[in-house]
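[1] any chance you could fold what I've pasted below:
(2 chains)
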There are 2 protein chains.
Amino acid sequence: MTKYKNLTIVRTVAEFREHVNRWRRNGETVGFVPTMGFLHDGHMSLFQRSQEIADRTTASIFVNPKQFGPNEDYAVYPRSEERDAQLMDEDGVDLLFAPSVNEMYPDGGVTKVSVPGLGDILEGEYRPGFFNGVATVVTKLLLQAMPDVAIFGEKDYQQLMVIRRMVKDLDIPVRIEGAPTGREEDGLAMSSRNTYLTPEERKAAPVLYQTISAVADKFRQGERAPELIQWAKVELEKAGFKQLDYLEIRDSENLKPVYDASRPARVLAAAWLGKPRLIDNVEV
Amino acid sequence: MTKYKNLTIVRTVAEFREHVNRWRRNGETVGFVPTMGFLHDGHMSLFQRSQEIADRTTASIFVNPKQFGPNEDYAVYPRSEERDAQLMDEDGVDLLFAPSVNEMYPDGGVTKVSVPGLGDILEGEYRPGFFNGVATVVTKLLLQAMPDVAIFGEKDYQQLMVIRRMVKDLDIPVRIEGAPTGREEDGLAMSSRNTYLTPEERKAAPVLYQTISAVADKFRQGERAPELIQWAKVELEKAGFKQLDYLEIRDSENLKPVYDASRPARVLAAAWLGKPRLIDNVEV
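    Numbering: from 1, shown residues only, chains lettered A, B, ... in the order given. A predicted model of the protein is given here:
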């Protein structure tokens, strides 16, 4: 407890709520950044955003079993709580909520929040149940914390849209802010899962960002989606990507297909680079 | 607005929230009674309960289209807002939230809250989607209002259990109170849908309560469930009931089958009396 300048770590919902309630009663606004830990600079920019717009910054680390499929990487997902807490402390985070699985789901937790439509396409198609797990745990975290504002990275763009929609539909009294994707110098989107990349894969990885950026440019200039997607597929294969789950140009808000750049659109992609799977997206 | 002594009627989420927030900021506790209107004395006892345990009493009237099946009675469900408001005013309700369907579901509302297991059995089996509709709208109402306590009648016992479980699972910061079923002098559970009963059906209707009460007594005295259910079925048929959807003895909390009276149990039943369908339940 004494080794942090600023940060307090709590492990129970009751303590988490107590801290946030006390601040809010005192008229301080509270920002909240939910994470799965193993922090990188992308997370740091979320904490900074929170500090710009709220008096207090809270964060959570919870690797949520309910959002991992049976063949996914729950067991091996990288964890480094001590290092994460140090970084949060240096970054001015006031409170870290780091609950156990049992604290979050004391009786197993049967209730499910789902966002049919938005949650079933793209990532939802390739990771069935993923967005149910996300929507349910984010609902819980928001209702535990009741922050003024919660900040999510645009790296997981569809997740951000699912959460916005859910918060609106359920009348959760929290403002949702998106923050730009943090990127390495060569453009690769920062992700805790980048640690899975071999040195060779790491070299090829930025091609995903380069390719979807090129698709966005060309689409803006009037080229058509089917041809662009075909072109991108070939580019990714040449760079060593093994399989493309999807690469789509979609409406920025409802993620439905778009046929020209007259409305705000987004290029979203997920592709396998050997064992690791990368996702990324850019604005058109 | 001026015709009520005590009651204020609001139609938007924003106004509803504003009133409740103001009271809570002033240190007053707030009770909330969600209804579908067409009030009877059963509702009045919920308002009274709220007044006993909270400083302010709020209520809603909303006939929620999402909890009616395509062949159910949404279109003809009895409505009488003016009379309801008068009764609430006389009964000391401070605030009535009576939103339009569009105010509750401005963009259609795609997000769904479901309670698998508890929400799929008994009523959930005979009214598919019913508890999803209930769980979703109750989540919304609770998050709109953020009362200290919400009060639900035990008449809809399974609904009360579904809501308790949902509130716990999602960490909704509201206390849930159940209140005893209001009954007519002859034992019939009060229900807005009793208005559907013909005079002849009305005479037969109390047999449902008499029968499940007898089942509860006999079960307590050691008789076995299968025989009791068979006996009850015959009793109901003799009284003019046309079809029994279910009559079950279940654990009071998780509604799983029980085989003796060693744990708290409940007899729950739904049966058709011609066109109208009655539900009721009693403690063992």
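[2] use CA for all of it now, contacts and neighbours both
    Will do.
[3] A:Val113 and B:Thr111 touch, don't they?
    Yes: counting by Cα atoms under 8 Å, B:Thr111 is a contact partner of A:Val113 at 7.1 Å.
[4] what residues does chain A have near chain B?
    Residues of chain A lying close to chain B by Cα under 8 Å from any Cα of the partner chain are A:105, A:109-117, A:136, A:139-140, A:143-144, A:165-166, A:169-173.
[5] repeat that with 7 Å
    Taking Cα under 7 Å from any Cα of the partner chain as the test, the list of chain A residues beside chain B reads A:109-116, A:139-140, A:143-144, A:166, A:169-172.
[6] can you say which of these are buried?
    Buried members of those, scored by 16 or more other Cα atoms under 10 Å in any protein chain shown, are A:109-115, A:139-140, A:143-144, A:166, A:169-172.
[7] in strands, which of those residues fall?
    Judged by DSSP state E, those include A:112-114 as members of strands.
[8] mind putting the residues you listed in CSV, pLDDT included?
    Shown next, in CSV, are those (pLDDT from 0 to 100):
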residue, pLDDT
A:Lys112, 98
A:Val113, 98
A:Ser114, 98
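[9] which single one of these is nearest to A:Leu255?
    Ranked by distance to A:Leu255 (Cα to Cα), those are led by A:Ser114 at 16.4 Å.
[10] ok, now which ones touch that closest one?
    By Cα atoms under 7 Å, 6 or more residues apart in numbering or on different chains, the contact list for A:Ser114 reads A:132, A:135, B:111-113.
[11] quick check: bridge partners of it?
    Beta bridges link A:Ser114 to B:Lys112 when assigned by DSSP bridges.
[12] flag every buried residue along the helix or strand encompassing A:Glu200.
    According to DSSP states H and E, A:Glu200 maps onto helix A:199-204. Going by neighbour count (16+ other Cα under 10 Å), the buried part of helix A:199-204 is A:201, A:204.
[13] which residues touch whichever helix or strand comes after that helix?
    The C-terminal neighbour of helix A:199-204 among helices and strands, as given by DSSP H and E, is helix A:206-220. Contact with helix A:206-220 is made by A:186-188, A:225, A:228, A:232, A:236, A:239, A:261, A:267, A:280, A:282-284, as judged by Cα under 7 Å, 6+ apart.
[14] and stretch A:127-138, how far out from the chain middle?
    Its chain's average C-alpha position is 12 Å from that of stretch A:127-138, according to Cα atoms, centre = their mean, to the nearest Å.
[15] where's the nearest residue to A:Val63 once chain neighbours are set aside relative to B:Pro34, distance?
    Once flanking residues are discounted, A:Val63 sits nearest to A:Met36: 4.8 Å by Cα to Cα, 6 or more residues apart in numbering or on different chains. To B:Pro34, A:Met36 is 37 Å away according to Cα to Cα, to the nearest Å.
[16] now swap in A:Asn26 and tell me
    In this structure, A:Asn26 and B:Pro34 are 31 Å apart, going by Cα to Cα.
[17] give me the more crowded residue out of those two.
    Higher neighbour count among A:Asn26 and B:Pro34: B:Pro34, with 22 against 9, using other Cα atoms under 10 Å in any protein chain shown.
[18] of the buried ones among the residues of chain A next to chain B, closest to B:Leu160?
    Distances from B:Leu160 to these, taken as Cα to Cα, are shortest for A:Thr111 (14.3 Å).
[19] angles on the backbone of A:Val110, please.
    Backbone torsions of A:Val110, given as degrees, to the nearest 10, read phi -100, psi -30.
[20] I'd guessed it sits against B:Val113; true?
    No: using Cα atoms under 7 Å, A:Val110 makes no contact with B:Val113, being 10.7 Å away.
[21] and chain A, what are its domains?
    Domains of chain A are assigned by automatic domain parsing as A:8-179, A:192-283.
[22] what ranges do the strands span in chain A?
    A:8-10, A:30-35, A:56-61, A:95-97, A:112-114, A:149-153, A:175-179, A:243-251, A:265-272, A:277-283.
[23] including distance to A:Asp73, could the ones you listed go into JSON lines?
    Shown next, in JSON lines, are those (distance: least, Cα to Cα, whole Å):
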{"stretch": "strand A:8-10", "distance to A:Asp73": "26"}
{"stretch": "strand A:30-35", "distance to A:Asp73": "16"}
{"stretch": "strand A:56-61", "distance to A:Asp73": "17"}
{"stretch": "strand A:95-97", "distance to A:Asp73": "23"}
{"stretch": "strand A:112-114", "distance to A:Asp73": "22"}
{"stretch": "strand A:149-153", "distance to A:Asp73": "21"}
{"stretch": "strand A:175-179", "distance to A:Asp73": "26"}
{"stretch": "strand A:243-251", "distance to A:Asp73": "17"}
{"stretch": "strand A:265-272", "distance to A:Asp73": "14"}
{"stretch": "strand A:277-283", "distance to A:Asp73": "11"}
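[24] which residues in the stretch 1-150 of chain A form helices?
    Assigned by DSSP state H, counting those that start in this stretch, the stretch 1-150 of chain A shows helices spanning A:13-25, A:41-53, A:81-90, A:101-104, A:123-126, A:130-145.
[25] A:Ile176 versus A:Gly31, what's the distance?
    Distance from A:Gly31 to A:Ile176, by Cα to Cα: 10 Å.
[26] what is in contact with the two at once?
    A:149-150.
[27] these two: who's more crowded?
    Neighbours were counted for A:Gly31 and for A:Ile176 using other Cα under 10 Å; A:Gly31 has more, 32 against 19.
[28] let me see the contact set for the more buried one.
    Contacts of A:Gly31 by Cα under 7 Å, 6+ apart are A:50, A:54, A:56-58, A:147-150.
[29] list the buried ones in stretch A:10-30?
    Buried residues in stretch A:10-30, counted by 16+ other Cα under 10 Å: A:10, A:12-13, A:16-17, A:19-21, A:24, A:29-30.
[30] need the contacts of A:Gly31 in TSV with neighbour count, distance to B:Leu247 and pLDDT, can you?
    As requested, those are exported to TSV (neighbours: other Cα atoms under 10 Å in any protein chain shown; distance: Cα to Cα, whole Å; pLDDT from 0 to 100):
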residue	neighbour count	distance to B:Leu247	pLDDT
A:Ser50	25	54	98
A:Ala54	19	55	98
A:Arg56	22	54	98
A:Thr57	30	53	98
A:Thr58	29	50	98
A:Pro147	26	45	98
A:Asp148	20	47	98
A:Val149	20	48	98
A:Ala150	26	47	98
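[31] which among these gets closest to chain B?
    Ranked by distance to chain B (Cα to the nearest Cα), these are led by A:Pro147 at 13.2 Å.
[32] isn't the closest one right up against A:Val33?
    No: with contacts counted by Cα under 7 Å, A:Pro147 stays clear of A:Val33, the gap being 9.8 Å.
[33] which of the contacts of helix A:206-220 sit farthest apart?
    Pairwise over these, using Cα to Cα, the maximum falls at A:Ala239 and A:Ala261, 27.4 Å.
[34] who has more neighbours out of these two?
    When A:Ala239 and A:Ala261 are compared on other Cα under 10 Å, the one with more neighbours turns out to be A:Ala261, at 19 against 16.
[35] leaving out sequence neighbours, find the closest residue to the more buried one.
    Closest residue to A:Ala261 apart from its sequence neighbours, by Cα to Cα, 6+ apart: A:Arg220 at 5.6 Å.
[36] ok, the closest residue in space to A:Glu103 that isn't next to it in sequence to chain B distance?
    With sequence-adjacent residues excluded and distances taken as Cα to Cα, 6+ apart, A:Glu103 is closest to A:Thr12, at 6.5 Å. The gap separating A:Thr12 from chain B is 12 Å, by Cα to the nearest Cα, to the nearest Å.
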